[in-house]
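Student: whatever this is, show me its structure:
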Amino acid sequence: MRLLIVGSLNGQIGAASQVAIARGVKVLHADTIERGLEDLRSGKGADLVMIDANLNVGKLVGALLSERISVPVVACGTGTDADIAVRAIKAGAKEYIPLPPDAEMIAAILAAVADENNSIVHADQRTKDVLKMAAQIAPSDASVLITGASGTGKELMAKYVHAKSRRADRRFVAVNCAAIPENLLESELFGHEKGSFTGAVARRIGKFEEASGGTLLLDEISEMDSHMQAKLLRAVQEREIDRVGGKKPVPVDVRIIATSNRDLEKEVAESNFREDLYFRLNVVNLHIPSLRDRPDDILVLADFFVKKFADANDTARLPISDAATTVLRAHEWPGNVRELENSVHRAVLLSPGSEIEPAAFGLTIRTVATDASSPQAADAGARAGGSGLVGRTVSDVERDLIIDTLQHYLGNRTHAANILGISIRTLRNKLKLYMEDGFVVPQPGNTEHPVI
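Tutor: Numbers count the residues shown, from 1 in each chain. Predicted coordinates for the structure are as follows:
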């Protein structure tokens, strides 16, 4: 694990570094935000950034977002200054650590980052089978294609493979191919030289070079256009890349793991994905079943998330009631583990009693997936507060499902579209029609529920 410390931490750099180093963390220090960004751009990388809260935390977080550098930020400052802590959190810091540094608190944050990166909570035999295969192929350098629906945990599986590999002590670098505009993806992967295009204010090391010696995850690779697929194929075959604006090839040594929520064989057949690249990537395929197909994982994951969010929000770890357990097991979970996590987070915040009851999860009968004639389904639907569908038009049901899903995800269009299985553009068009017809549409961050 790699830690980047930015600023002086009020003279407590040495103490914080010693705590981290004692736990096997590699520590890098930068005096200023600009120098810290340079270190990240140059490929040195970090799994966690600790920044002096007296510096401009918002500037660092904003720069990381604009340059698509994904790393959590923790602010550190004088423990008695509450205003600084509040400003740091509002500026985007994940946590605030009072100074002088408490060894146990730093250790807990480091452990949380490590656990988030590598742990896979499970109990179902199908998940165990996938993990067994992953552990078996991890020591090799073979390319791995991880497939499964959105929210099943493909990136977590990739981190598991890396952690079990011979490259575990080197870097794991992830690139979300679907989140980066096509005209920027080449620079993101291969880097660029200063002045090579408008906005290239400095040399930037690409993800291939940053991951050299370690593992590179190409997340949602099916979203990559054909032009970039050709360039990627060359990089995979030749083990060298060309920076944008560069004059000579740069050798790289990476293990490639790719993920996709689409059927890549079908994409190849429809000429949407290069067949030669598909065979290069699909040396080993790890398919993660949808959550509904591994039901024994549902309750252990729910219990795990209850503990996680209760601790994060400083609330009691309430047990899940028997009625709620029935609802959780009967739910279809179209959003898989991601949907379950969000539902549990909501339930932890909204449960007033001694147990977590079905209503707190916000699930409805429209997404219950058991046989409608079974007693379990009837009980689950009744307890979840659902209403009948007979006598209603398809368009009305679709509208209610879309609005309910958007409400459940607190107005977040991207999450709702992923859960509904439609494009963000389609969702926005439908919401526009609903608003024109006079229906109330939840807005981002403007719902009756607390923001999760």
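Student: show the backbone phi and psi for residue 312.
Tutor: phi -70, psi -30 (degrees, to the nearest 10).
Student: number of nearby residues for it?
Tutor: Close neighbours of residue 312, defined as other Cβ atoms under 10 Å, add up to 12. Heads up, the C-betas are built off the backbone N, CA and C, glycines and all.
Student: now swap in residue 300 and tell me
Tutor: 14.
Student: wait, it touches residue 122, no?
Tutor: Yes - Residue 300 is within contact range of residue 122, at 6.9 Å (criterion: Cβ atoms under 8 Å).
Student: excluding its backbone neighbours, what's nearest residue 76?
Tutor: residue 97 (4.6 Å; Cβ to Cβ, 6 or more residues apart in numbering).
Student: again with residue 173
Tutor: residue 211 (3.8 Å).
Student: how close does that neighbour sit to residue 289?
Tutor: Residue 211 sits 28 Å away from residue 289, taking Cβ to Cβ, to the nearest Å as the criterion.
Student: where in the protein is pLDDT low?
Tutor: 79-81, 113-119, 364-392, 445-452 (pLDDT under 70).
Student: just the strands from it, written as ranges.
Tutor: Remark: strands assigned in the chain by DSSP state E are 2-6, 26-30, 48-52, 73-78, 95-99, 144-147, 172-176, 215-219, 240-241, 250-251, 255-260, 284-287.
Student: now render those strands as TSV, adding mean neighbour count and distance to residue 154.
Tutor: Below are those laid out as TSV (neighbours: other Cβ atoms under 10 Å; distance: least, Cβ to Cβ, whole Å):
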stretch	mean neighbour count	distance to residue 154
strand 2-6	23	23
strand 26-30	18	27
strand 48-52	26	23
strand 73-78	24	25
strand 95-99	19	27
strand 144-147	24	5
strand 172-176	21	11
strand 215-219	25	7
strand 240-241	19	24
strand 250-251	14	28
strand 255-260	25	4
strand 284-287	16	9
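Student: show me the residues around the nearest residue to residue 64 once chain neighbours are set aside that make contact.
Tutor: Excluding the flanking residues, the one nearest residue 64 by Cβ to Cβ, 6+ apart is residue 71, at 6.4 Å. By Cβ atoms under 8 Å, 6 or more residues apart in numbering, the contact set of residue 71 is 4, 40, 46, 47, 48, 49, 64.
Student: list the contacts of residue 280.
Tutor: Taking Cβ under 8 Å, 6+ apart as the definition, contacts of residue 280 comprise 143, 233, 236, 237.
Student: the first one against residue 284, yeah?
Tutor: Yes - using Cβ under 8 Å as the test, residue 143 is close enough to residue 284 to be in contact (7.4 Å).
Student: which of residue 211 and residue 289 has more neighbours?
Tutor: residue 211 (26 against 17).
Student: show me the contacts for the more buried one.
Tutor: Contacts of residue 211 (Cβ under 8 Å, 6+ apart): 171, 172, 173, 252, 254.
Student: farthest-separated two in these?
Tutor: 172 and 252 (14.9 Å; Cβ to Cβ).
Student: now stretch 298-311, how far from the chain's geometric center?
Tutor: Its chain's C-alpha centre and that of stretch 298-311 lie 17 Å apart, by Cα atoms, centre = their mean, to the nearest Å.
Student: what about the residue lying closest to residue 250 once chain neighbours are set aside, distance to residue 21?
Tutor: Leaving aside its chain neighbours, residue 250 sits nearest to residue 241 (5.5 Å; criterion: Cβ to Cβ, 6+ apart). Residue 241 sits 33 Å away from residue 21, going by Cβ to Cβ.
Student: quick one: contacts for the closest residue to residue 260 other than its chain neighbours?
Tutor: Of all residues not flanking residue 260 in the chain, residue 222 sits nearest, at 4.3 Å (Cβ to Cβ, 6+ apart). Taking Cβ under 8 Å, 6+ apart, we find residue 222 in contact with 260, 261, 262, 264, 267, 272, 273.
Student: and what of residue 32?
Tutor: Taking Cβ under 8 Å, 6+ apart, one finds 6, 7, 55 in contact with residue 32.
Student: circling back to that earlier point, what about the residue nearest to residue 64, distance to residue 31?
Tutor: Applying Cβ to Cβ to residue 71 and residue 31 gives a distance of 18 Å.
Student: also residue 251?
Tutor: 32 Å.
Student: go through the contacts of residue 32 and name the one nearest residue 294.
Tutor: residue 6 (41.4 Å).
Student: residues near the residue nearest to residue 125 when sequence neighbours are not counted, how many?
Tutor: Closest residue to residue 125 apart from its sequence neighbours, by Cβ to Cβ, 6+ apart: residue 296 at 7.3 Å. Here the count is done by other Cβ under 10 Å, and residue 296 has 15 residues near it.
Student: now residue 315
Tutor: As a burial measure, residue 315 scores 13 neighbours (other Cβ under 10 Å).
Student: could you do residue 411 as well?
Tutor: For residue 411, the neighbour count with other Cβ under 10 Å is 18.
Student: correct me if wrong: it contacts residue 440.
Tutor: No - assessed by Cβ under 8 Å, residue 411 is found out of contact with residue 440, at 11.4 Å.
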